[in-house]
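Student: generate a structure from the sequence data that follows.
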Amino acid sequence: MSLSGRDMMFIGGIPAVISFNASSRMFRGVFVGLNAEVDFLARSPMELQPQGEAALSIFLETCRQQNRSPLLARQVGQEGYLLEDIYAELEEPARQKGIDLYQLIRVQTQEFQKTEKRKKHSAVFLNF
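Tutor: Just a heads-up that it's a prediction; the model follows:
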C-alpha cells in the first residue's frame with residue numbers, strides 16, 4: 001500500500017487525512033470534523049488503523065466523560081455539523097472508487113461502537 005500524502009482513511013466512520021513526514025519517516029493521521037485535533041502516528045500504513053482506533057476511542061471517551069459532543073458544529077448561525085459537509089465533498093471521490101460512502105460509514109460506525117471482538121475491516125483510503 002502506497003500513500004500519496006493526500007490520502008484519507010475512515011476509522012469508525014470518521015475521516016482522517018493521512019500524510020507522511022519524510023524526515024521522521026512517520027505517517028500521521030488527523031481526524032477531520034471533530035471538535036478537537038485528534039491525531040495519531042504510525043511507522044507503517046498497516047499501523048495506521050489500530051493507532052487511529054486507539055486515538056478515536058480515547059477522544060470519544062473523554063467527550064462522554066465531559067458530556068460534550070465530539071463533532072464540530074458548523075459556523076454560528078448554521079445548524080448541523082461540519083462532518084456532514086465533509087461527507088458531501090467525499091461522496092463523489094468515493095463513488096468513483098466504487099464505494100458507497102454512506103454504507104461504509106454506517107458499517108464502520110456500528111462496528112466501532114461494539115466494544116467486544118470488534119471486526120477488523122481493511123482500511124479504506126480515498127486519494128484526492
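
Student: who's in contact with the residue positioned nearest the centre of the chain?
Tutor: For the chain, Pro15 is the residue whose C-alpha lies nearest the centre (C-alpha atoms, centre = their mean; 2.8 Å). By C-beta atoms under 8 Å, 6 or more residues apart in numbering, the contact list for Pro15 reads 8-9, 31-33, 86-87, 90. Placement of C-beta: from N, CA and C, glycine included.

Student: next: Thr109.
Tutor: Thr109 touches 12-13, counting by C-beta under 8 Å, 6+ apart.

Student: go with 10 Å
Tutor: Going by C-beta atoms under 10 Å, 6 or more residues apart in numbering, Thr109 touches 10, 12-14.

Student: how about the longest helix along the chain, which residues are buried there?
Tutor: Secondary structure assigned by DSSP state H gives helix 45-66 as the longest helix of the chain. Neighbour-count burial for helix 45-66 flags 45, 48-49, 51-53, 55-56, 59-60, 63 (criterion: 16 or more other C-beta atoms under 10 Å).

Student: name the SS class of the residue at the greatest distance from the centre of the chain, please.
Tutor: Distance from the C-alpha centroid of the chain peaks at Gly77, with 26.1 Å (C-alpha atoms, centre = their mean). Here Gly77 is recorded as coil under DSSP: H, G, I helix; E, B strand; the rest coil.

Student: neighbours of Gln78, how many?
Tutor: The tally of other residues near Gln78 (other C-beta atoms under 10 Å) stands at 10.

Student: for Glu84, see how far away it is.
Tutor: Relative to Glu84, Gln78 is positioned 10 Å away (C-beta to C-beta, to the nearest Å).

Student: for Leu90, same thing?
Tutor: Counting by C-beta to C-beta, the gap from Leu90 to Glu84 is 11 Å.

Student: so for those two, which sits in the more crowded spot?
Tutor: Set side by side, Leu90 and Glu84 show more neighbours around Leu90, with 20 against 12, by other C-beta under 10 Å.
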